[in-house]
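next one to model:
(chains A and B)
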Amino acid sequence: MYWADELAAAVSGRQVVNDSKSPSGTVHVGSLRGVVLHDAIYRALRQAGVEASFLYGVDDMDAMDSQAKLTPDAVDRYMGAPLSRVPAPEGSNAANYARHFVGEIFFRTFEPLGIKPEFYWVSELYAAGRMDPYVKLALDRADQVRAIYLRVSHVERNSSWLPIQVICEQCGKIGTTLATDWDGDTVAYKCLPAMVAWARGCEHEGRVSPLGGRAKLPWNLEWAAKWGLLGVTIEGCGKDLATSGGSRDRSDAISREVFEVEPPRNVAYEFLNVGGKKMSTSKGKGAAAHTIAEVLPPEQLRFLFLRPRPSQVIEFDPEGDTIPRLFDEFDRIAAATAGREVKGELPADHERLFAYSLLGPSPDVAAAAAAFRPAFAHLAMLLQIPGVDIAERMEAEKGAPLSERETAILDERTASARAWLESYAPERARLVVRRDALPAEVADLDAGQRAYLAALAAAAADGRPSSGDAWQTLIFGVAGECELAAGRAFGALYASFLGRPNGPRAGWLLASLEPAFVVERLRAAGAFAAA
RNA sequence: GGGCCGGUAGCUCAAUGGUAGAGCAGCAGACUCUUAAUCUGCUUGUUGCGGGUUCGAGCCCCGCCCGGCUCACCA
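Here you go, the predicted structure:
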């Protein structure tokens, strides 16, 4: 059974699926795995007839800790401030930094993927006082919290440490304050210059009530508090958090022992690596989510994440054959789902995998599976030949007019293929007509091929073929006269014009070039034979 | 040191207890109109190593070896 269906079959009663994201970090493709995974779980629950909701929280009470995202004059003032209180970058009309960053950059990728969770903002939960019961419990039971840190993670906290982060009343920063004394109504705090390396506190001291949005819980407690407050029953997390003795274990223990709520079912998921290494935005080129999304249409992006089980690493190197092969594999699963015979082994419940890769809560799986899809690499090649009518060619390959759905798929793939050719496509996928000089590969042609090129030059000068069809006829005709096998004739043409052993349908290629250049090049390549 | 994942054909990977198989690469062949297409044929395996469970193990259990990521500060 497909893994998401297995999960759906294992639960009972109403389910709340939750996922969350801090808007401070950079968003790369790997970040999308969790979103897609939670969406698939949500859909699996609904299809299994389970009442379910899908929440997505933005952790915008977290401290701003990335200088790169701020203008230099804003660094002093806003580093360490809650993201919900940092102004949006210039030019944005978002209410604050968190809303700008997540709203403009991250969520923009949700909609196209057909993912529509109910969004909520953690700063609003605090401001509305909804987190207050958990804040009080955490402070009342601070000794218990410290004991859990020590037992679960071997992290020793000072006996005066409190699980609360106060927003400094003077400078507005949350990352620089240290709270010490909880009297049941207020905590004492100091805003320290050297609390963290990346932000400077203002040295203000005071007492303040931690309720109503004036303070936040530390990460592990906040996570557990959200579970309790929102009644979360299923929430997966990346393996960095899921590791034994790690963040998830701490939050689970806090949820059970401090807040007395059973934590949600976990689905630990692996990362997406590029070239065997963890995805890094500084190293990997074009690893940002929106960059990959230009090359991979939503359905293929979902497919990439949904094909392996969550516990498996995804090795994704956008260079090389990875992307064409992803399309090919998607097409194979589509064909199998449509009931056509395919080669090779199929994953367990491939038709479920296919359905979850489609967009929307209840896609027409049969219609989508049966649709005609042009092979990606083939399409990419056709796009590089001037004068080719792609739609016409596709109808010819399908053998019937394209449906509306198929035209949409074609348009989508055309855009992807263009983006791929500009970004990740290997050299061998790129066609360049060698206009400047005769390619070196011509030297490898044999006498028969050279004679053929010379003969074709003469025939072309004479017959002046103009259309792709006319050229194609001539190419075959002259090959017959020269008693040269068609494959060798084409090979000679590709070597002469592209410096490659193969290429696109030659007649169309030659028809797209100026006749004088073509004849001249054929003569030159043929003459090279005599030399 | 702890956790997770992986090790299967030359390469990339599939196969969730039931005959190990796809793509690419390679070799041989077909084709006068898709030459990165299509079709036909060929072939390659100590499934990392050792034990165990089972009628049956690539898959489950135990112990190793190798590789990758991750955690032990913060979120």
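
any weak-confidence spans in chain A?
A:24-27, A:68-69, A:105, A:275-290, A:387, A:529-531 (pLDDT under 70).

can you pull out the strands in it?
With strands called from DSSP state E, chain A shows them at A:15-21, A:52-58, A:118-121, A:165-166, A:177-182, A:187-191, A:205-208, A:215-216, A:237-238, A:268-269, A:272-274, A:277-278, A:314-315.

looking at those strands, which is closest to RNA strand B?
Taking Cβ to the nearest atom of the strand, strand A:277-278 is the member of the strands of chain A nearest to RNA strand B, at 3.4 Å. Any C-beta I mention is one placed from the backbone N, CA and C, and that applies to glycine too.

does A:Ala98 really touch A:Leu83, like I thought?
Yes - here A:Ala98 reaches A:Leu83: they are 3.9 Å apart, a contact under Cβ atoms under 8 Å.

who has more neighbours out of these two?
A:Leu83 (30 against 27; other Cβ atoms under 10 Å).

which ones are touching that one?
A:22-24, A:59-64, A:96-98, A:101 (Cβ atoms under 8 Å, 6 or more residues apart in numbering).

quick check: it vs A:Leu137, distance?
In this view, A:Leu83 and A:Leu137 are 25 Å apart by Cβ to Cβ, to the nearest Å.

with A:Tyr452 instead?
A:Tyr452 sits 86 Å away from A:Leu137 when distances are taken as Cβ to Cβ.

so which of these two has more stuff around it?
A:Tyr452 (27 against 21).

who in the stretch 351-500 of chain A is up against RNA strand B?
A:375, A:377-378, A:380-381, A:397, A:428-431, A:469, A:472-473, A:476-477, A:480, A:486-487, A:490, A:494 (Cβ under 7 Å from any atom of the strand).

got a PyMOL select line for the buried ones in the residues you listed?
Per 16 or more other Cβ atoms under 10 Å, the buried members of these correspond to this PyMOL selection:
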select buried, chain A and resi 377+380+381+429+431+472+490+494
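
let's see which of the residues of the stretch 351-500 of chain A next to RNA strand B end up in helices.
Among these, the residues falling in helices (DSSP state H) are A:377-378, A:380-381, A:397, A:469, A:472-473, A:476-477, A:480, A:486-487, A:490, A:494.

from those, which two are the most distant?
The two members of these with the most space between them (Cβ to Cβ) are A:Ala380 and A:Gly480, at 31.5 Å.

count the residues that sit near the nearest residue to A:Lys190 once chain neighbours are set aside.
In space, and not counting its chain neighbours, A:Lys190 is closest to A:Glu205: 4.9 Å by Cβ to Cβ, 6 or more residues apart in numbering. Residues lying near A:Glu205 (other Cβ under 10 Å) number 13.

check contacts around A:Glu205.
Contact analysis of A:Glu205 by Cβ under 8 Å, 6+ apart lists A:Ala188, A:Tyr189, A:Lys190, A:Cys191.

who does the second one form a beta bridge with?
What that stands for is A:Tyr189. A:Ala179, A:Gly206 (DSSP bridges).

A:Thr407 contacts A:Ala391, correct?
Yes - with contact defined as Cβ under 8 Å, A:Thr407 reaches A:Ala391; the gap is 7.4 Å.

picking up where we left off before, out of the contacts of A:Leu83, which end up buried?
For those, a burial check counting by 16+ other Cβ under 10 Å picks out A:22-24, A:59-64, A:96-98, A:101.

please list the residues of the stretch 201-350 of chain A that sit near RNA strand B.
Counting by Cβ under 7 Å from any atom of the strand, the stretch 201-350 of chain A sits next to RNA strand B at A:218-220, A:222, A:239-247, A:268, A:270-271, A:273, A:276-278, A:308-309, A:311-313, A:315, A:325, A:328, A:343-348.

just the buried ones out of these, please.
Among these, those classed as buried by neighbour count (16+ other Cβ under 10 Å) are A:Pro218, A:Trp219, A:Asn220, A:Glu222, A:Leu241, A:Ala242, A:Gly246, A:Ser247, A:Glu270, A:Phe271, A:Asn273, A:Pro308.

and these, which is closest to A:Trp121?
Of all these, A:Glu222 has the smallest distance to A:Trp121: 13.0 Å, by Cβ to Cβ.

report the beta-bridge partners for the closest residue to that closest one other than its chain neighbours.
Closest residue to A:Glu222 apart from its sequence neighbours, by Cβ to Cβ, 6+ apart: A:Lys216 at 6.4 Å. Beta bridges link A:Lys216 to A:Gln165, judged by DSSP bridges.

can you give me the neighbour number for A:Lys216?
As a burial measure, A:Lys216 scores 26 neighbours (other Cβ under 10 Å).

how about it, what does it touch?
Contact partners of A:Lys216, counting by Cβ under 8 Å, 6+ apart, are A:Met61, A:Pro82, A:Val122, A:Tyr126, A:Met131, A:Ile164, A:Gln165, A:Ile167, A:Ile174, A:Glu222.
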